[in-house]
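Engineer: Sequence first, predicted model second:
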Amino acid sequence: MSFAVLYLDSLEISMDVGPDIADITGQFAQIVGKAGIENGSLHASVIGSTGSLTTIEYEPGVVEDLKRAIARLAPPDMEYEHEKAWHDGNGHSHVQAALLGPSIVIPVRNCRLSLGTWQQVVVINHDNRPRKRRVDVTIIGTS
């Protein structure tokens with residue numbers, strides 16, 4: 001007999017000036033193991049308006065390509081209305097993060113994250129200063 005389970009956890013990742021990209025697939029896999037969920041889904045959100053979550057093949061070439069693409073989407077050297085009000089130089093960081101999004105949902109099947117062979121989960125710091133990024137995780141499923 002299976003039971004419905006709700007499991008909550010969080011990660012804190014120290015990150016450099018953005019865009020900085022960190023692979024958190026292993027931490028998510030550990031959380032799934034602790035949760036005891038056989039089948040369900042992992043929901044995660046990065047806390048803060050200058051961070052995002054996505055999946056990529058986490059290898060140096062793709063990581064660099066993603067950093068360059070992010071910079072092209074919202075270049076740091078453009079004029080942003082945010083900076084006129086706050087003068088903190090991170091208007092681009094907010095736009096970049098909004099375009100990629102703060103959250104992700106990953107299926108859990110047979111007690112494992114259901115990801116492709118070359119697919120890893122990454123957190124991205126877009127801010128113009130180092131940050132400790134908190135990622136809140138909710139797993140819903142059956143045990």
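Structural biologist: Looks like it arrived, so ask away. Numbering: from 1, shown residues only.

Engineer: Which residues belonging to the strand or helix carrying residue 85 are considered buried?
Structural biologist: Using DSSP states H and E, residue 85 falls within helix 81-86. Residues of helix 81-86 classed as buried by neighbour count (16 or more other Cβ atoms under 10 Å): residue 82. (Glycine included, C-beta is placed from N, CA and C.)

Engineer: List the contacts of residue 70.
Structural biologist: Residue 70 is in contact with 19, 96, 100, 124, 126, counting by Cβ atoms under 8 Å, 6 or more residues apart in numbering.

Engineer: Among these, which pair sits farthest apart?
Structural biologist: Every pair in the contacts of residue 70 was compared (Cβ to Cβ); the two farthest apart turn out to be 19 and 100, at 9.6 Å.

Engineer: List the buried residues of stretch 2-16.
Structural biologist: 7, 9, 11, 13, 15.

Engineer: who's in contact with that stretch?
Structural biologist: Applying Cβ under 8 Å, 6+ apart, the contact partners of stretch 2-16 are 22, 24, 27, 31, 34-38, 40, 123, 125, 130-143.

Engineer: Please pick the buried ones from those residues.
Structural biologist: Buried subset of the contacts of stretch 2-16 (neighbour count, 16+ other Cβ under 10 Å): 22, 24, 27, 31, 35, 37-38, 40, 123, 125, 131, 133, 135, 137-141.

Engineer: And the residue nearest the centre of the chain?
Structural biologist: If you average the C-alpha coordinates of the chain and look for the closest C-alpha using Cα atoms, centre = their mean, you land on residue 53, 2.3 Å from that point.

Engineer: For it, which non-adjacent residue is spatially closest?
Structural biologist: Nearest residue to residue 53, sequence neighbours excluded (Cβ to Cβ, 6 or more residues apart in numbering): residue 104, at 4.4 Å.

Engineer: how about the strands in this structure?
Structural biologist: Under the criterion DSSP state E, the chain contains strands at 4-15, 20-23, 39-46, 51-56, 103-109, 112-113, 120-125, 131-142.
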